[in-house]
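Participant: just coords:
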């Protein structure tokens, strides 16, 4: 599967490499195992601190993630590209073979200045794409909600509505804005897991199965309802999310 690199802007530049690093290699069964792979080249944003790769210090490997420490003590995570959910999709997020690719989706989010995970770089190893992100200090939103009071939850709910509105204002729907796909630093939440995002460019769109025409505002509303439904046990927070979503949403 080949990515059409011409789809990428000057945000990333190609760099020739000659390195071997430890990564978590996924299998068709969904299991990941450690493996040393060779990297010949990659595309990176202007981050000189990443090089040379031989200076990366392996910290740990968990699930599909490999953690490395840079010489400046920053920690990065190397992850294999996930299979994208082949839902509505858009040409914006597809390679020249018509496959939806997570890295291309992430790059489109970068161009739209969306507050989601953006890779520092990406490379191919053993016929699989990998990408690099910083290991930032943040915790799962679900854990934060379980350990805070109502006043703090209300502040978080207010920010959730605003963040989702900002996402939609930039022509992006997340598709799975459930609690498990939010992380939080302080009281500022951020969505992760970009493999199912879709863009406004392709709407209205006719579904293949029912031949029904789907409008963009339907997708935005579905996103909002999915988020609100996570707070079914606290109706007051549902109202806070909805109110702040509508307050920040532009037509």
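Facilitator: That came through, no problem. Just so it is clear, the structure is predicted and the values come from calculations on it, not from any experiment.
Participant: elements contacting the worst-scoring helix or strand of the chain on mean pLDDT?
Facilitator: Among the secondary structure pieces of the chain, namely its helices and strands, strand 205-206 has the lowest mean (mean pLDDT, DSSP states H and E), a mean of 80. In this structure, strand 205-206 makes packing contacts with strand 213-214, judged by 3 or more C-beta pairs under 8 Å, 6 or more residues apart in numbering; DSSP states H and E. From N, CA and C alone the C-beta is placed, and that goes for glycine too.
Participant: contacts for the strand it packs on?
Facilitator: Contacting residues not belonging to strand 213-214 are listed as 88, 203, 204, 205, 206, 207 [C-beta atoms under 8 Å, 6 or more residues apart in numbering].
Participant: quick one: strands adjacent to the helix or strand encompassing residue 16?
Facilitator: Element membership for residue 16, per DSSP states H and E: strand 13-26. According to DSSP bridges, the neighbouring strands of strand 13-26, each with its direction, are strand 32-44 (antiparallel).
Participant: other residues contacting the strand it pairs with?
Facilitator: Outside strand 32-44, the residues that touch it by C-beta under 8 Å, 6+ apart are 5, 8, 12-27, 50, 53, 61, 63-64, 80, 120-126.
Participant: how far does that strand sit from its chain's centre?
Facilitator: A distance of 20 Å separates the centroid of the chain from that of strand 32-44, by C-alpha atoms, centre = their mean, to the nearest Å.
Participant: mind checking what helix or strand follows it in sequence?
Facilitator: Going C-terminal from strand 32-44, and assigning secondary structure by DSSP H and E, you next hit strand 57-62.
Participant: direction included, what does that next one pair against?
Facilitator: Here, using DSSP bridges, strand 57-62 pairs with strand 65-69 (antiparallel).
Participant: how far away is the residue minimising distance to the centre of the chain from residue 222?
Facilitator: With distances taken as C-alpha atoms, centre = their mean, the chain has residue 194 as the residue nearest its mean C-alpha position (3.3 Å). Using C-beta to C-beta, to the nearest Å, one gets 17 Å for the distance from residue 194 to residue 222.
Participant: please apply the same query to residue 199.
Facilitator: Relative to residue 222, residue 199 is positioned 15 Å away (C-beta to C-beta).
Participant: more crowded one of those two?
Facilitator: Legend: neighbour count by other C-beta atoms under 10 Å for residue 199 and residue 222, higher for residue 199 (22 against 14).
Participant: in the sheet, who's paired with that one?
Facilitator: Residues found in beta-bridge contact with residue 199 (criterion: DSSP bridges) are residue 172.
Participant: quick check, pLDDT for it.
Facilitator: Residue 199 carries a pLDDT score of 90 in this model.
Participant: what does residue 238 give?
Facilitator: Among the per-residue scores, residue 238 shows a pLDDT of 94.
Participant: phi first, then psi, for the closest residue to residue 101 other than its chain neighbours.
Facilitator: Leaving aside its chain neighbours, residue 101 sits nearest to residue 95 (5.3 Å; criterion: C-beta to C-beta, 6 or more residues apart in numbering). With angles defined as degrees, to the nearest 10, residue 95 sits at phi -90, psi -180.
Participant: what's around residue 95, how many residues?
Facilitator: Other residues within reach of residue 95, judged by other C-beta under 10 Å, total 17.
Participant: what does residue 59 give?
Facilitator: Around residue 59 there are 13 residues (other C-beta under 10 Å).
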